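# Below: sequence and its predicted model.
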Amino acid sequence: MRKIRRRVELRTDEEKINWLKRKGEDAGFRLTDVRIKEAVENAVVHSSSKQFGRRGRDDKKMTFGAVVFEGILQVTDAEKFRESLKTGIGTGKAYGFGLLSIAPVKED
């Protein structure tokens, strides 16, 4: 029998940053200069309102805690990273979550 696992919202900035670090390992990138402080220089977590959706045939209600990450990352596997840009990361992609937006770092 398959065990049903319940997803739990990540509530603290540390939990959210750690989630992104774990996802980055599978997605071909790593975070750089990440600190968990109120004034984080290179990574900032912005929490926004909750989003709701429905799951499959059973039409069960799903709740997503939205967050936007800003910061600097380093690509460690170009092929995996390209695929992650196309497909996203995380589990709420059908609801617009897990999308990656990137820009080159400006060098002084």
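Cool, the structure landed. Numbering: from 1, shown residues only.
# Tell me the bridge partners for the residue lying closest to Val105 once chain neighbours are set aside.
Spatially, and ignoring its direct neighbours in sequence, Val105 is nearest to Ile72 (6.2 Å; C-beta to C-beta, 6 or more residues apart in numbering). The C-beta positions use only the backbone N, C-alpha and C, and glycine is treated the same way. Ile72 has the following beta-bridge partners by DSSP bridges: Thr32.
# what's around Ile72, how many residues?
Using other C-beta atoms under 10 Å as the criterion, Ile72 is surrounded by 12 other residues.
# Repeat that for Arg30.
Arg30, neighbours per other C-beta under 10 Å, totals 14.
# Touching, it and Gln74? I think so.
Yes: with contact defined as C-beta atoms under 8 Å, Arg30 reaches Gln74; the gap is 5.4 Å.
# Tell me where the model's unsure across the protein.
1-7, 33-57, 64, 108 (pLDDT under 70).
# can you give me the helices for it?
Ranges of helices within the chain are 13-27, 78-87, based on DSSP state H.
# and among these, the most buried is which?
Stretch with highest mean neighbour count among the helices of the chain: helix 13-27 (a mean of 16; mean count of other C-beta atoms under 10 Å).
# hey, C-alpha coordinates of it in CSV?
Extracted C-alpha coordinates of helix 13-27, given in CSV (Å, rounded to 0.1, in the frame of the first residue of the first chain):
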residue,chain,number,x,y,z
ASP,A,13,13.2,32.1,5.6
GLU,A,14,15.8,29.5,6.5
GLU,A,15,13.5,26.6,5.5
LYS,A,16,12.7,28.4,2.2
ILE,A,17,16.4,29.1,1.4
ASN,A,18,17.3,25.4,2.3
TRP,A,19,14.5,24.2,0.0
LEU,A,20,16.0,26.3,-2.9
LYS,A,21,19.5,24.9,-2.1
ARG,A,22,18.2,21.3,-2.3
LYS,A,23,16.3,22.0,-5.5
GLY,A,24,19.4,23.7,-7.0
GLU,A,25,21.4,20.5,-6.6
ASP,A,26,19.0,18.7,-8.9
ALA,A,27,18.5,21.6,-11.2
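# Now do it: which elements does it pack against?
Contacts defined by 3 or more C-beta pairs under 8 Å, 6 or more residues apart in numbering; DSSP states H and E place helix 13-27 against strand 29-32, strand 43-55, strand 60-75, helix 78-87.
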